[in-house]
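[1] predicted structure and sequence below. I'll ask about it afterward.
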Amino acid sequence: MPSEAPIGVFDSGVGGLSVLAEIRRALPRESLFYVGDCGHIPYGEKSPEFIRARCRRVAEFLRERGAKALVLACNTATMAAVADLRARYPDWPIVGMEPAVKPAAAATRSGVVGVLATTGTLQSARFAALLDRFAHDVRVVTQPCPGLVEQVERGDLDGPVTRALLDGYVRPLLAEGCDTLILGCTHYPFLKPLLRALIPADISLVDTGAAVARRLAALLAERDLQAEGPARPTRMWSSGDLPALRNVLQRLWAETLELEPFDDRGY
Ligand code: DGL
């Protein structure tokens, strides 16, 4: 793959834009292709088989467009599909993401860590393995958050419905004594301002976007694949309703972005 080729970034919807922003910050010379499978959210309530099939389609789409690396900017998709994709494309750099249990376990002072994530992530074998590896000395309280992803997809980051949902999810974690909350879904960083307003100031929030961007940068450097730039405009494909998405993007993405339909017929 030539080093000026784009990086492919993928999420079930707009959540991965929180990761794309970190990638843009860390790697300003890279051209970025982003696919949001907005027509099929929420992945968190779908079967692993369904998610794997969607991930294969999107991965093929991005490979056909020359992506030199793939970022699964989605915890749920990583849990269900990263092993499958790595087995299919052993030479393609693929970066996945998982809830930040290790850094949260290191940071907690109360010894109780809360994880906000999708049902799919929390039920996955990879998440159980993550707890086995990194959560020996802490208590981890998990909280599935159905409905939150849909609110972010609508661009409703602070309305009464979003507030009530988020409050209902975070309150039990605080009651359990959590002082560190893991944002284990890439949609949730967009809710940080609202979350901050709902929780005491000394509660830490941990997410993985910046770590993913660092990992990607390291993989590109190892393989001598860094672009020299200038970056081409970011392109986004979505399987959802484009006019509605254009409105939502005004709240979620500051840069210009070329938006096109993700039409996966023929895959
Ligand atoms: N953004 C995805 C994640 O990080 C989940 C979204 C969904 O449920 O579709 O887990």
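    Received, thanks.
[2] now do stretch 12-32: distance from first to last residue.
    Terminal residues of stretch 12-32 lie 17 Å apart, using C-alpha to C-alpha, to the nearest Å.
[3] are it and the ligand in contact anywhere?
    Yes: part of stretch 12-32 sits near the ligand under the criterion C-beta under 6 Å from any ligand atom, namely 12, 13, 15. Glycine gets a C-beta too; all of them are placed from N, C-alpha and C.
[4] residues from this structure in reach of the ligand?
    Within reach of the ligand by C-beta under 6 Å from any ligand atom, the chain has these residues: 11-13, 15, 41-44, 74-76, 118, 121, 149, 185-187.
[5] rerun that using 8 Å as the cut-off
    11-13, 15-16, 40-46, 73-79, 97, 117-118, 120-121, 149, 184-188 (C-beta under 8 Å from any ligand atom).
[6] drop anything exposed from these.
    Among the residues of the chain next to the ligand, those classed as buried by 16 or more other C-beta atoms under 10 Å are 11-13, 15-16, 40-44, 46, 73-79, 97, 117-118, 120-121, 149, 184-188.
[7] how about the strands in this protein?
    7-11, 32-36, 69-72, 94-95, 112-117, 139-144, 180-183, 204-206, 234-238, 257-261 (DSSP state E).
[8] rebuild those strands as CSV, extending it with distance to residue 244 and mean pLDDT.
    Shown next, in CSV, are the strands of the chain (distance: least, C-beta to C-beta, whole Å; pLDDT from 0 to 100):
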stretch, distance to residue 244, mean pLDDT
strand 7-11, 17, 98
strand 32-36, 12, 98
strand 69-72, 24, 98
strand 94-95, 29, 98
strand 112-117, 25, 98
strand 139-144, 26, 98
strand 180-183, 25, 98
strand 204-206, 28, 98
strand 234-238, 10, 97
strand 257-261, 11, 95
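[9] what's the closest of those strands to residue 218?
    Proximity to residue 218 (C-beta to C-beta) singles out strand 94-95 among these, at 9.5 Å.
[10] who touches the closest one?
    For strand 94-95, the surrounding residues in contact (C-beta atoms under 8 Å, 6 or more residues apart in numbering) are 69, 70, 71, 72, 82, 85, 86, 212, 215, 216, 219.
[11] same check, this time on stretch 204-211
    Stretch 204-211 is contacted from outside by 18-19, 21-22, 26, 97-100, 103-104, 107-108, 179-183, 186, 188-189, 192, 195-196, using C-beta under 8 Å, 6+ apart.
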